[in-house]
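Peer 1: quick check, what structure comes out for this input:
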Amino acid sequence: MICAGRRHLVRTLADLAAQQGVELQTFLNRAVHKRAGYPAPVSSPGSRALLFDGEQVDAYLTGRPVPPLRSEGDDQEHDDDDLLDRREAAAVLGVVPDSWSVYKRASLLTEHMTLVGGVEHWPRGIVHRYRDTRPGRTAATGRPTGSGDQVPRDELLPRTAPLLDADPAVTASAVVEQLGVSRNTAQHALTRLRADRIADLVQERPELSPDEAAAALGYPPALARRATARAVTVLRARAAAPYLDDVAAAAHRAGWTTEAAPDVQLPGDDRVVAALVLDGDQAPVPALVWDERYGWRTAASRRHPITRDASSEGGGVRYLAGGVTPPPAALIAALSA
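Peer 2: Take a look at the predicted model:
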């Protein structure tokens, strides 16, 4: 299982070999990853493609204590955004792993499948939703199968916040019971609220780490891991906001957009992405997308500028040179050329 918010830390055996400056076969021959004390894979037992948590590996290689991770067998409350491989997903359905190749063809599972280190994974919440709604099955607990959330989306955070105020250790299950929303919806609301409050406290008290801020707010570690990871991303998003606003202002002066600021999103809670729709008549492209890893690119759609996988060019996607944060004037000039 890849714990929620830790996808960006995943490393393959090839990554580990490169980290130590050796060829993959040399690494395997030396069986470095099998030595006593080396962090266990985050892949399920029996997996052929082994994946590891980079933070754990770095700690081991530098002689520091290896931080513990939740595992699939832990009694702690799991996160709907944990990523399960085929063995773990099959276990949720109560079927053998070989049968998963049939079940995974369902549209819900196909839509949410993601590759991590070349291995197929599915969010825990999606697997649970499929299990509870597939033909012949009904949800064992919670709301009736197929029923919608009873709280409008724009009211979700304001109505969840008092529950968190009253009990910093409130669980998603308690929110489900109080508000009549799905568990996945409740979990996302709690994660967002906790993350924003952790980020607020870190900005107020820079000497605190996100983990220390979570503890100061009374958030139990088992319930705050996802929020702590997201809080780190929230802080990066806030740091990038003035630059993104400057780009939006430059695009507005060029007559390309009426938007005052880009729409900032945190896909997977572990990276910052922003979209700026260019709705002006003379706009050179439908939209611009900024990714903290790659910088700016064009987008082919105004309605859906941020796509799941735009790592390569083509289909209206073109990456713009100039680094991750080129000066707004240089970006406008590049698009005007």
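
Peer 1: using the three-state scheme, assign residue 281.
Peer 2: Residue 281 falls in the coil class when you classify it by DSSP: H, G, I helix; E, B strand; the rest coil.

Peer 1: now residue 293
Peer 2: On the basis of three-state DSSP, residue 293 is classed as coil.

Peer 1: what's the burial count for it?
Peer 2: Residues contacting residue 293 under the criterion other Cβ atoms under 10 Å number 10. All C-beta atoms are positioned from the backbone trio N, CA, C, and that covers glycine.

Peer 1: and for residue 158?
Peer 2: 11.

Peer 1: repeat for residue 176
Peer 2: For residue 176, using other Cβ under 10 Å, the count is 20.

Peer 1: export the one helix or strand it maps to as PDB, just CAs?
Peer 2: Using DSSP states H and E, residue 176 maps to helix 172-179. The C-alpha coordinates for helix 172-179 follow below in PDB (Å, rounded to 0.1, in the frame of the first residue of the first chain):
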ATOM      1  CA  ALA A 172     -14.600  10.600   8.900                       C
ATOM      2  CA  SER A 173     -17.100   8.100  10.200                       C
ATOM      3  CA  ALA A 174     -18.400  10.600  12.700                       C
ATOM      4  CA  VAL A 175     -18.800  13.200   9.900                       C
ATOM      5  CA  VAL A 176     -20.700  10.700   7.800                       C
ATOM      6  CA  GLU A 177     -23.100  10.100  10.700                       C
ATOM      7  CA  GLN A 178     -23.600  13.800  11.400                       C
ATOM      8  CA  LEU A 179     -23.900  15.200   7.900                       C
END
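
Peer 1: for the helix or strand following it, buried residues please.
Peer 2: In the C-terminal direction, the helix or strand that comes right after helix 172-179 (DSSP H and E) is helix 183-204. Within helix 183-204, the residues that count as buried by 16 or more other Cβ atoms under 10 Å are 183-202.

Peer 1: leaving out chain neighbours, which residue sits closest to the residue most central in space within the chain?
Peer 2: The centroid of the chain falls nearest to residue 268 when counting by Cα atoms, centre = their mean (1.4 Å). In space, and not counting its chain neighbours, residue 268 is closest to residue 7: 6.0 Å by Cβ to Cβ, 6 or more residues apart in numbering.

Peer 1: contact partners for that neighbour?
Peer 2: 83, 116, 268, 270 (Cβ atoms under 8 Å, 6 or more residues apart in numbering).

Peer 1: again, but for residue 274
Peer 2: Going by Cβ under 8 Å, 6+ apart, residue 274 touches 240, 244, 262-265, 289-290.

Peer 1: re earlier: format the contacts of residue 7 as a markdown table; extra columns: pLDDT, distance to residue 11 and secondary structure.
Peer 2: Shown next, in a markdown table, are the contacts of residue 7 (pLDDT from 0 to 100; distance: Cβ to Cβ, whole Å; DSSP: H, G, I helix; E, B strand; the rest coil):
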| residue | pLDDT | distance to residue 11 | secondary structure |
| --- | --- | --- | --- |
| 83 | 93 | 15 | strand |
| 116 | 90 | 10 | strand |
| 268 | 73 | 17 | helix |
| 270 | 84 | 15 | coil |
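
Peer 1: pick out whichever of those sits closest to residue 160.
Peer 2: Minimum distance to residue 160 across those is 20.9 Å, recorded for residue 268 (Cβ to Cβ).

Peer 1: ok, back up a step: among the contacts of residue 274, name the buried ones.
Peer 2: Using 16+ other Cβ under 10 Å as the burial test, these include 240, 244, 262, 264, 289-290 as buried.

Peer 1: what two of those are the furthest from one another?
Peer 2: Using Cβ to Cβ, these reach their maximum pairwise distance at 240 and 289, which is 13.3 Å.

Peer 1: need the nearest residue in space to residue 86, chain neighbours excluded.
Peer 2: Excluding its sequence neighbours, the residue lying closest to residue 86 (Cβ to Cβ, 6+ apart) is residue 100, at 4.5 Å.

Peer 1: list the contacts for the one you found?
Peer 2: Contacts of residue 100 by Cβ under 8 Å, 6+ apart are 86-87, 89-90, 93.

Peer 1: most neighbours among these, please name it.
Peer 2: Neighbour max across the contacts of residue 100 (other Cβ under 10 Å) = residue 89, 28 neighbours.

Peer 1: ok, that one - contacts?
Peer 2: 100, 103-104, 122, 127.

Peer 1: could you export those as TSV, including distance to residue 333 and secondary structure?
Peer 2: Shown next, in TSV, are the contacts of residue 89 (distance: Cβ to Cβ, whole Å; DSSP: H, G, I helix; E, B strand; the rest coil):
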residue	distance to residue 333	secondary structure
100	51	helix
103	52	helix
104	47	coil
122	44	strand
127	48	helix
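
Peer 1: ok, so of the residues you listed, who is nearest residue 40?
Peer 2: Comparing these against residue 40 with Cβ to Cβ places residue 122 closest, at 21.4 Å.
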